[in-house]
Every structure is written in C-alpha cells, then in structure tokens.
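Enquirer: following is a predicted model, sequence given first.
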Amino acid sequence: MSQYMAELNLTDRAVLIVGGGQVARRKLNGLAECGARITVAAPQIDAGIQQQAAAWGGTLRRIPFHETLLNAAPRWTLVFAATGEAALNRRIAALCNQRALLCNCADGAEESGFRVPAVIRDDPIMAAVSTGGASPALSRALKEHFQENLQPGWAELARLFGAQREAVKQALPEDAARYRFWRETALAARDRLTHAPQENARWLQQRLQAAQQDADANRA
Ligand SMILES: C[C@@]1(CC(=O)O)c2cc3[nH]c(cc4nc(cc5[nH]c(cc(n2)[C@H]1CCC(=O)O)[C@@](C)(CC(=O)O)[C@@H]5CCC(=O)O)C(CC(=O)O)=C4CCC(=O)O)c(CCC(=O)O)c3CC(=O)O
Ligand SMILES: NC(=O)C1=CN([C@@H]2O[C@H](COP(=O)(O)OP(=O)(O)OC[C@H]3O[C@@H](n4cnc5c(N)ncnc54)[C@H](O)[C@@H]3O)[C@@H](O)[C@H]2O)C=CC1
C-alpha cells in the first residue's frame, strides 16, 4: 500500500520524542522549526539537545520509556520512537497504534505510522523526498540534487501568484476561465525564472487583462 504525503501544521501541538540521541536531535531540529511543543523522554539526553532546550522551550524528562507516557493529556499529535533499542521502538509504535496515535519508528519498522522524508525549503516552496524506506542516504543525495537545481525564481513566482490569487478571482469570477488562466500562466512561468519581480508583476497583469478581455468577448 502506498503512503500519504502531507504537510502538517504543528504549531503549539504536543509532540513526544522517545530517545535523546543523534536521531532524536535531528527530528527535534525539524520539529522545533515548526513550532511544535516538544517533550523529549530518555534516560540519557545528548548535550546538544540539552543546549537547545532553552531555545525551543520544550520539556526534558530523564526517564526510560513507560507506556503511561502515551496517555498524556492533551494527546500527542505525533510520537517519535527514536531510542537505540529496535525492539523498544517497535513496541512504542505498536502501543501508539492501539491508541490511534501516529508514531514514527526510527528503525523504519512495519509498525511505523509515518515516515520522515528529506525536505528542501525555499519559502513558500517545500519539496519532500522519500525512497519509501529503501535508502535514506539516497533521499539525502536526491534532496541535495534538487536543492542545487531549484532556481530562486520559483519561490519569487509563488509569492507573486499567492499575492494575486484574490485579485484574479475578482477579475475572472468564472471557475473555468480562472482555472485555465492559472494553469496556462503557471506553465508559462518557467520562462520567467530569471526576470526581476517587478517585471513578473507587470507580465502577470498583462496576462490577466488579456484573459479578462477573452472572457468578456466570450460572454458577449
Ligand atoms: C525509515 C526512515 C525512518 C523515518 O521514517 O524516520 C529511516 C531509517 C533509517 N535511517 C538510517 C540511516 C541514515 N539516515 C540518514 C538520513 C535521513 N534519514 C531520513 C529518513 C529515514 N530514515 C526514513 C526513511 C526515509 C526514506 O526512505 O527516504 C531522512 C530522509 C529524514 C530525517 O530523518 O530527518 C534523513 C535525511 C537527512 C537530510 O535530509 O539530510 C542517513 C544519511 C545521513 O545522515 O547522511 C543515514 C546513514 C546512511 C544509511 O544508512 O542510508 C537507518 C540505518 C541505521 C543503522 O544502520 O544503524 C535507518 C533504519 C533502517 O532503515 O533500518
Ligand atoms: N531515522 C534515521 O534517520 C536513523 C535511524 N537510526 C535508528 O535510530 C535509532 C536511534 O539512533 P541514535 O539516535 O543514533 O542512537 P543513540 O545511541 O545516539 O541514542 C539512543 C537514545 O535512546 C535512549 N534510550 C535507550 N533506552 C531507552 C529507554 N528505555 N527509554 C527511552 N529512551 C531510551 C538513550 O538514552 C539515548 O538517548 C537506532 O535504533 C537506529 O537504528 C539510525 C540512524 C538514522
């Protein structure tokens, strides 16, 4: 069965990381950037995580895993089983499944509720790469390949298109005409990657006026 890709809004959501080593630290970095309220539970917690703790405002619990951790209120939005014990990680994932909690198992066990992809970001653009558990090293290499080849113009265009969505909706109120406008404009965007933002804004405006005239002519 294939897995579902999504982007999660974790702002102020409770996230539990069991384990306090290298892998926990990497997951923590990504989660802290997204505003999650993180609790780390492990008998030994990396110096790096301890140093970061003040900055991300989370909770450190120097305890071994116990099932009762999973019954916390409010419920955990996500759980990460990242201890150095493969059997324990599987057990945590299985206990989470019983409670309908989504759990990532660092060992990539079958019980895992979700996998973590390699991610590139160029705000507001994000791209996630996964090999479906086959090779994390390859995911990283592919991510780096995409990163090197992602021209900065795409993010600029995404911001411009985003800022103009409402105006285009007003100008082209018919769904079919508006969808066609955005589809054709998005396809034409590739040729604009090297242009200055002001030129692109003018270009978009001209396209919109032309599309509006077409729509008016069709209605007449
Ligand atoms: C199943 C999964 C678990 C999950 O869902 O989290 C998993 C599992 C395992 N990783 C292992 C090793 C490594 N992981 C990385 C790196 C990353 N691993 C990530 C995800 C995932 N790793 C999920 C699958 C995602 C997919 O298929 O694409 C990334 C993409 C995202 C992230 O975790 O942040 C992140 C990229 C960071 C970036 O973006 O730069 C590197 C490379 C490096 O660090 O340079 C190595 C060493 C090289 C190698 O082994 O390949 C091992 C063996 C441990 C051992 O042998 O002891 C296991 C366990 C197993 O597979 O048995
Ligand atoms: N997803 C990924 O990208 C990767 C996954 N792995 C897997 O991730 C796991 C963790 O790897 P590392 O962080 O490198 O290990 P590590 O040895 O650096 O850290 C292990 C952590 O688990 C904690 N721990 C041990 N027993 C525990 C218990 N009973 N309850 C709570 N915490 C406990 C320890 O206190 C320590 O903080 C390994 O199982 C490894 O196979 C390894 C490399 C990459």
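Expert: Here it is on my side, so go on. Owing to the predicted nature of the structure, the values given are computational and were not obtained by experimental measurement. Ligands and ions are numbered 1, 2, ... in the order given.

Enquirer: quick one: the lowest-mean-pLDDT helix or strand in the chain near ligand 2?
Expert: When each helix and strand of the chain is scored by mean pLDDT, DSSP states H and E, helix 47-56 comes last, with a mean of 87. No: using CB under 6 Å from any ligand atom, helix 47-56 stays clear of ligand 2, coming no nearer than 8.4 Å. For the C-beta atoms, the positions are set from N, CA and C on the backbone; glycine is no exception.

Enquirer: the next helix or strand after that helix - contacts with which helices or strands?
Expert: Next along the chain after helix 47-56, taking DSSP states H and E as the criterion, comes strand 59-61. Applying 3 or more CB pairs under 8 Å, 6 or more residues apart in numbering; DSSP states H and E, one finds that strand 59-61 contacts strand 37-41, helix 47-56.

Enquirer: adjacent strands (with direction) for the shortest one?
Expert: Strand 37-41 has its sheet partners listed here by DSSP bridges as strand 14-18 (parallel), strand 59-61 (parallel).

Enquirer: which one of these is the most hemmed in?
Expert: strand 14-18 (a mean of 24; mean count of other CB atoms under 10 Å).

Enquirer: so for that strand, mean pLDDT?
Expert: With pLDDT averaged residue by residue, strand 14-18 scores 97.

Enquirer: please apply the same query to stretch 172-180.
Expert: On average, stretch 172-180 scores 96.

Enquirer: chain center to the helix ranked longest in the chain, what's the gap?
Expert: Assignment by DSSP state H gives helix 197-219 as the longest helix of the chain. Its chain's C-alpha centre and that of helix 197-219 lie 33 Å apart, by CA atoms, centre = their mean, to the nearest Å.

Enquirer: swap in stretch 123-130?
Expert: On CA atoms, centre = their mean, the centre of stretch 123-130 falls 7 Å from that of its chain.

Enquirer: mind giving me the packing neighbours of the helix or strand that contains L95?
Expert: Using DSSP H and E, L95 sits within helix 86-98. Helix 86-98 is packed against strand 78-81, strand 102-105, with contacts defined by 3+ CB pairs under 8 Å, 6+ apart.

Enquirer: who in the protein is up against ligand 2?
Expert: Counting by CB under 6 Å from any ligand atom, the chain sits next to ligand 2 at 18-24, 41-45, 64-65, 82-86, 88-89, 106-107, 136.

Enquirer: returning to what we had before: nearest to A100 among the strands paired with strand 37-41 would be which one?
Expert: When these are compared by CB to CB, strand 14-18 sits nearest A100, at 14.7 Å.

Enquirer: can you name the residue of this structure nearest to ligand 2?
Expert: The chain approaches ligand 2 most closely through G21 (2.1 Å), counting by CB to the nearest ligand atom.

Enquirer: who's in contact with that residue?
Expert: 42, 44, 46, 82-84 (CB atoms under 8 Å, 6 or more residues apart in numbering).

Enquirer: redo those residues as JSON lines? Include neighbour count and pLDDT.
Expert: Formatted as JSON lines, the contacts of G21 follow (neighbours: other CB atoms under 10 Å; pLDDT from 0 to 100):
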{"residue": "A42", "neighbour count": "22", "pLDDT": "98"}
{"residue": "Q44", "neighbour count": "10", "pLDDT": "97"}
{"residue": "D46", "neighbour count": "17", "pLDDT": "95"}
{"residue": "A82", "neighbour count": "25", "pLDDT": "98"}
{"residue": "T83", "neighbour count": "25", "pLDDT": "98"}
{"residue": "G84", "neighbour count": "15", "pLDDT": "97"}
